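Peer 1: Structure, please.
(chains A and B)
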Amino acid sequence: MIPELGHFALVLALVLALVQAVVPLVGASRNRLALMAVGRPAAQGQFFFVVVAYVCLTIAFVQSDFSLQLAATNSHSATPLIYKITGVWGNHEGSLLLWAMSLALWTVAVTVFSRHLPEAFVARVLGVLGWVSVGFISFLLVTSNPFERLLPAVAEGRDLNPLLQDPGMIIHPPLLYMGYVGFSVAFAFAIAALLTGRLDAAWARWSRPWTTVAWVFLTAGIAVGSGWAYYELGWGGWWFWDPVENASFIPWLVGTALMHSLAVTEKRGAFRSWTVLLAIGAFSLALLGTFLVRSGVITSVHAFATDPKRGLYILALLVIVIGVSLVLYAWRAPRLTGGGSFGLVSRETSLLANNVLLAVAAASVLLGTLYPLFLDALNMGKISVGPPYFEAVFVPLMTPVVVLMMVGPFLRWKTDGVSPVLRRLAPTLGAALVIGTGTAFAVDHVTWRTVLGLVLAAWVVLASLQLLGNRLRDRSGAARLSARLRAIPSAWWGMWLGHLGIGVFIIGVTLVGSLDATLDVRMKEGQRAELAGYSFVFRGVQDADGPNYDAARATIGLYRGERQLTTLTPEKRLYRAQGMPMTEASIDIGPLRDVYVSLGEQLEDGSWIVSLYYKPFISWIWLGCLLMALGGIFAAADRRYRRTAEHRSTAAVAAAGRAA
Amino acid sequence: MKPRSKRLMLVGGGVALLVAAIALVLSAFQQNLVFFHTPTEVAEGKAPLGKTFRVGGMVEDGSIRRAGDGLTVSFAITDTAKVIPVSYKGTLPDLFKEGKGAVVQGRLEADGVFHATEVLAKHDENYMPPEAAHAVEQASKAAETLSQ
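Peer 2: Okay, here's the model as predicted:
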């Protein structure tokens, strides 16, 4: 009964999405307020019914209703409750329902936080979002109905893939989806602006907080996914350039470019057509990511579907979205001439150069991800493009990006001179060269990559400090430091933190790349192994069975000299329902290094293969991402974006006061 | 500088940057492609010696042996037609098993043994690495043509 209710709710949601897609757009074009006003309630109703459908599906999973096809293939009565709940998105149908729910949630957020925008503009935005909803909900209903029954029902389910039974599963997919889908709002704003032909500073100001929040979710989602892969896959890597990771990284790169380009459009009126193109691009690439991950064209833990009909449907959706937007763009873009002019040396130029580089970086990842698929589809042989390609491309492309990122904030808008800029930057640049090279010698790893990474990281940190110092000196009117700090707008802190985060990230990537150490050893009870100044004492293996798996758990003492630091307990698990083995690593996490241990196979003589890893500064990678995400939150929380709303409400209060 | 020439320089600089970046990407791409060969192709000498490539197929039953150090593993990859001996040092993926699909990346050395630096198995019980499936499929097609 409950699954049928969910199915029915989803059909109702589709109907409301259609209303939301058609009525407000008609209203906006005919200038009829009554029709435009339908947008908000229709979107809220759509959200309500999608949530009902989602809750129904979750109830079926929690109750282990194995007459539901999806629960039977992705859940088990002995699965812990939290993985019954998260198992809902651990499969193709459920994850698409989560996609549709995030979209509905973003749409409702637009209906709530858009009171200060012109009605006709909001109507167009909701209309565009409505069409995206129609696309996805109909995709669900037509090709991937999550409420399909299994008759006759089975007694026991096949359980969720053990790789997914992990805390990472609880937060990674929702964060990533909120990021992916969030770009649909930036896209809808861009299309609405193209429809009206008004691509001005106001449009850029309205889009900016939405784009930034979506970017924050995407950043956090990617970082959590990377951390999850690090401890779950059992060999200590944090990024694999796997097609699925690339699918989320490409929209991130384009989204980063979009955020910065929007800033220029708002402040200086420049780059307008480029900004629109990026907004269309970011959303199209998020859709492409969904297509790649969900269509089964690539095999990985993330690819659930193998039904070609589904892939074709998303591909068609993608073609429609890109096609319609580009036609609209081609029609309107010629009008977008003008905008603020700027000199060769100016903040605009540095932002433009970075935009171009980020776009090329995104294109290079896209090439490496799609080319093997193309060749395969055309039956021209099988190839793979691995980490060496991406590393060869990323170091030279990202080095100028990081340099420009720190130069940009020191440049003035419109025009600046070369020599004053050099004078401003020379001291920190010199100091960074000395510190970076010195550190490389100190850790005894002098390769050009290590030196480059450390110099860049040192410069990002030093230049950030200099920037903060300048900012405080500029405002020396206020006497007290605390007052001067408080006078700095939140958006500025956002920029500062985000850029500093890149510096911290580079430190982590460089040091773990240069100094990590690995050892595979064969160990028996009482045996000792040494790695990077640490000793590991193997104390034996016991049984440690969980609710739905059997496990062998090793106990390994971690020593520095004669002092015991901790005990590590890596496991080898066998999940009963699928008979699938899993390695569960054990990690001693520290601010300056992780020590990572995973348990391999047992050999005939009773000894075990143990993999030991020393990972210096690896947590700085995620600390950097956290700072970037935090920067985004600060940037989106700037008072400027709420000013119009506040302005209007104070005006309303004043008017009410006069009336009384 | 006149605004016109300034604009030209800006556009020219942008185009130069773009061209340099694209050239970099394409050359890196060319140098780092890893080709895939089936065991039959390797046996026929179509795969390059001393260059990194991938081989996929099934891990032959009864072929997994561990060397004295317990860490070096040797096994054989087959597409049911030909068999390629592989040697690998390191930990194997959880789902690496005899009779199941696997893909190995590494170099074919003069001794005729494929020295793998990476071993990939499937992510869960239901899937076979597409390259491995492809190799077996090719071999069975070839067998059909031969028998006709």
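Peer 1: so where do the strands sit in chain A?
Peer 2: A:383-385, A:517-523, A:528-531, A:534-543, A:549-560, A:563-568, A:571-575, A:580-584, A:586-589, A:593-602, A:608-616 (DSSP state E).
Peer 1: contacting residues around the residue most central in space within chain A?
Peer 2: Within chain A, one residue has its C-alpha closest to the average C-alpha position: by C-alpha atoms, centre = their mean, that is A:Leu218, at 2.1 Å. By C-beta atoms under 8 Å, 6 or more residues apart in numbering or on different chains, the residues touching A:Leu218 are A:175-176, A:179-180, A:182-183, A:248, A:251-252, A:255. Where you see a C-beta, it was placed from the backbone N, CA and C, and this is true even at glycine.
Peer 1: Same question for B:Phe75.
Peer 2: B:59-60, B:63-65, B:85-86, B:88, B:98.
Peer 1: remind me which residues of the stretch 351-500 of chain A are low pLDDT?
Peer 2: For the stretch 351-500 of chain A, applying pLDDT under 70 flags the ranges A:474-479.
Peer 1: if we go to 90?
Peer 2: A:369-388, A:412-421, A:445, A:470-488 (pLDDT under 90).
Peer 1: Near chain B, which residues of it are found?
Peer 2: Contact residues (C-beta under 8 Å from any C-beta of the partner chain) of the stretch 351-500 of chain A with chain B: A:352-353, A:356-357, A:360, A:363-364, A:367-368, A:371, A:376, A:381-386, A:388-389, A:392-393, A:396-397.
Peer 1: mind redoing it with 10 Å?
Peer 2: The stretch 351-500 of chain A comes close to chain B at residues A:352-353, A:355-357, A:359-361, A:363-365, A:367-368, A:371-372, A:375-376, A:381-397, A:400, A:415, as judged by C-beta under 10 Å from any C-beta of the partner chain.
Peer 1: Now, of the residues you listed, which are buried?
Peer 2: The neighbour-count criterion (16 or more other C-beta atoms under 10 Å in any protein chain shown) marks A:352-353, A:355-357, A:359-361, A:363-365, A:367-368, A:372, A:376, A:382-386, A:389-390, A:392-394, A:397, A:415 among these as buried.
Peer 1: what's the residue most central in space within chain B sitting at in phi/psi?
Peer 2: Most central in chain B under C-alpha atoms, centre = their mean is B:Arg54, positioned 2.1 Å from the mean C-alpha point. Phi and psi for B:Arg54, reported as degrees, to the nearest 10, are phi -110, psi 150.
Peer 1: doesn't B:Ile84 make contact with it?
Peer 2: No - taking contacts as C-beta atoms under 10 Å, B:Arg54 lies outside contact range of B:Ile84: 11.5 Å.
Peer 1: re the thing from before, so in terms of bridging, what pairs with the residue nearest to the centre of chain B?
Peer 2: B:Arg54 has the following beta-bridge partners by DSSP bridges: B:Phe36, B:Gln105.
Peer 1: which residues does it contact?
Peer 2: Contact analysis of B:Arg54 by C-beta atoms under 10 Å, 6 or more residues apart in numbering or on different chains lists A:382-384, A:386, B:34-37, B:47, B:103-106, B:114, B:116, B:118, B:120, B:129, B:131, B:135.
Peer 1: Please tell me the pLDDT value assigned to it.
Peer 2: Looking at B:Arg54, its pLDDT is 89.
Peer 1: With the one 5 residues further on instead?
Peer 2: Per-residue confidence for B:Val59 comes out at a pLDDT of 90.
Peer 1: For the stretch 501-650 of chain A, what lies in contact range of chain B?
Peer 2: Applying C-beta under 10 Å from any C-beta, we find that the stretch 501-650 of chain A lies next to chain B at A:518, A:520-523, A:572-575, A:577-583, A:598-601, A:603-605, A:607-611.
Peer 1: ok, 6 Å please
Peer 2: Along the stretch 501-650 of chain A, the residues adjacent to chain B under the rule C-beta under 6 Å from any C-beta of the partner chain are A:520, A:522, A:578, A:580-583, A:600, A:603, A:611.
Peer 1: returning to that earlier point: what subset of the contacts of B:Phe75 is buried?
Peer 2: Neighbour counting by 16+ other C-beta under 10 Å classes B:59-60, B:63, B:86, B:88 among those as buried.
Peer 1: Near residue 144, how many other residues are there?
Peer 2: Let's take chain A. Using other C-beta atoms under 10 Å in any protein chain shown, A:Ser144 has 23 neighbouring residues.
Peer 1: let's do chain B instead
Peer 2: Per other C-beta under 10 Å, the neighbour tally for B:Glu144 reads 9.
Peer 1: and what of A:Ala637?
Peer 2: By other C-beta under 10 Å, neighbour count at A:Ala637 equals 16.
Peer 1: same check, this time on A:Trp215
Peer 2: Residues lying near A:Trp215 (other C-beta under 10 Å) number 28.
Peer 1: pLDDT score for it?
Peer 2: At A:Trp215, the model reports a pLDDT of 98.
Peer 1: Chain neighbours aside, what residue packs nearest to it?
Peer 2: Leaving out its chain neighbours, the residue that sits closest to A:Trp215 by C-beta to C-beta, 6 or more residues apart in numbering or on different chains is A:Gly255, at 4.8 Å.
Peer 1: ok, the one you found touching A:Val213?
Peer 2: No - with contact defined as C-beta atoms under 6 Å, A:Gly255 does not count as touching A:Val213 (11.0 Å).
Peer 1: and the residue of the stretch 151-300 of chain A found nearest chain B, what pLDDT?
Peer 2: Nearest residue of the stretch 151-300 of chain A to chain B (C-beta to the nearest C-beta) works out as A:Asn161 at 5.1 Å. pLDDT, A:Asn161: 83.
Peer 1: Same check on A:Phe240?
Peer 2: Reported pLDDT at A:Phe240 in the predicted model: 87.
Peer 1: And A:Ile609, by the same measure?
Peer 2: Listed pLDDT for A:Ile609 reads 90.
Peer 1: Please tell me I have it right and B:Ile77 contacts B:Ile84.
Peer 2: Yes - using C-beta under 6 Å, B:Ile77 is in contact with B:Ile84, at 5.0 Å.
Peer 1: Neighbour count for those two, which is higher?
Peer 2: Neighbour tally, B:Ile77 and B:Ile84, criterion other C-beta under 10 Å: the higher count belongs to B:Ile77, 28 against 25.
Peer 1: residues contacting that one?
Peer 2: B:39, B:55, B:57, B:84, B:86 (C-beta atoms under 6 Å, 6 or more residues apart in numbering or on different chains).
Peer 1: Quick one: low-confidence residue ranges for chain B.
Peer 2: Low-confidence segments of chain B (pLDDT under 90): B:1-22, B:24-26, B:29-38, B:40-52, B:54-58, B:62-72, B:79-82, B:89-103, B:109-112, B:118-148.
Peer 1: just to revisit the earlier point, run through the contacts of B:Phe75 and flag the ones next to chain A.
Peer 2: With C-beta under 6 Å from any C-beta as the criterion, the contacts of B:Phe75 include none near chain A.
Peer 1: Among those residues, which are located in helices?
Peer 2: Using DSSP state H, no member of those falls within helices.
Peer 1: out of those, which are inside strands?
Peer 2: B:59, B:65, B:85-86, B:88.
Peer 1: The nearest residue to A:Ser138 once chain neighbours are set aside and chain B, how far apart?
Peer 2: Closest residue to A:Ser138 apart from its sequence neighbours, by C-beta to C-beta, 6+ apart: A:Leu14 at 6.1 Å. From A:Leu14 over to chain B the distance is 31 Å, taken as C-beta to the nearest C-beta, to the nearest Å.
Peer 1: Many thanks, I have nothing further to ask.
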